[in-house]
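>>> Here's a sequence, model it:
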Amino acid sequence: MKNIQLEEKMETIMLILEGILILGMLFGIINGLISLICNWDKLKD
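Numbering: from 1, shown residues only. From the prediction side, this is the model:
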C-alpha cells in the first residue's frame with residue numbers, strides 16, 4: 001500500500017519538475033529572442 005502511494009507521489013513530482021523545465025526553456029527562448037531583437041536594432045545603427 002505504502003509503495004503505491006510513494007510511486008504516485010514520485011510520478012507527480014517528476015511531472016511537476018518536467019513542467020518547470022519546459023517553462024524554464026520557454027522563458028529562456030523568449031528572453032533570447034527579445035535580446036536578439038534588441039541587439040539587432042543596435043547592430044543596424
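>>> ok, Leu43 - how many residues close by?
8 (other CB atoms under 10 Å). For every residue, glycine as well, the C-beta is placed using N, CA and C.
>>> where's it, which helix or strand?
Taking DSSP states H and E as the criterion, the element that holds Leu43 is helix 2-44.
>>> what distance separates that helix from the centre of its chain?
Put simply, helix 2-44 sits 0 Å off its chain's centre (CA atoms, centre = their mean, to the nearest Å).
>>> and it, what's its mean pLDDT?
Taken as a whole, helix 2-44 has a mean pLDDT of 93.
>>> And Lys2, how close does it get to Ile13?
With distances defined as CB to CB, to the nearest Å, the gap from Lys2 to Ile13 amounts to 16 Å.
>>> Which one's more surrounded, those two?
Neighbours per residue, other CB under 10 Å: of Lys2 and Ile13, the larger number sits with Ile13, 10 against 6.
>>> Look at Met14 and say how many residues are nearby.
With other CB under 10 Å as criterion, Met14 counts 10.
>>> er, Gly28 I mean
Using other CB under 10 Å, Gly28 has 10 neighbouring residues.
>>> quick one: Leu6 from Met25, how far?
29 Å.
>>> Actually, Leu15.
Looking at Leu15 against Met25, where the rule is CB to CB, the gap reads 16 Å.
>>> cool, Lys44 as well?
When CB to CB is applied, the distance between Lys44 and Met25 equals 29 Å.
>>> Which one of these two is surrounded by more residues?
Remark: of Lys44 and Met25, Met25 carries more neighbours, 10 against 6, as counted by other CB under 10 Å.
>>> how far away is that one from Ile16?
Here Met25 is placed at a distance of 15 Å from Ile16 (CB to CB).
>>> Check Phe27 too.
Noted for Phe27: a distance of 16 Å to Ile16, by CB to CB.
>>> just checking, what packs against the helix holding Leu43?
Secondary structure elements in contact with helix 2-44, counted by 3 or more CB pairs under 8 Å, 6 or more residues apart in numbering; DSSP states H and E, are absent; no helix or strand qualifies.
>>> List the contacts of Gly19.
Applying CB atoms under 8 Å, 6 or more residues apart in numbering, one finds that Gly19 lies in contact with no residue.
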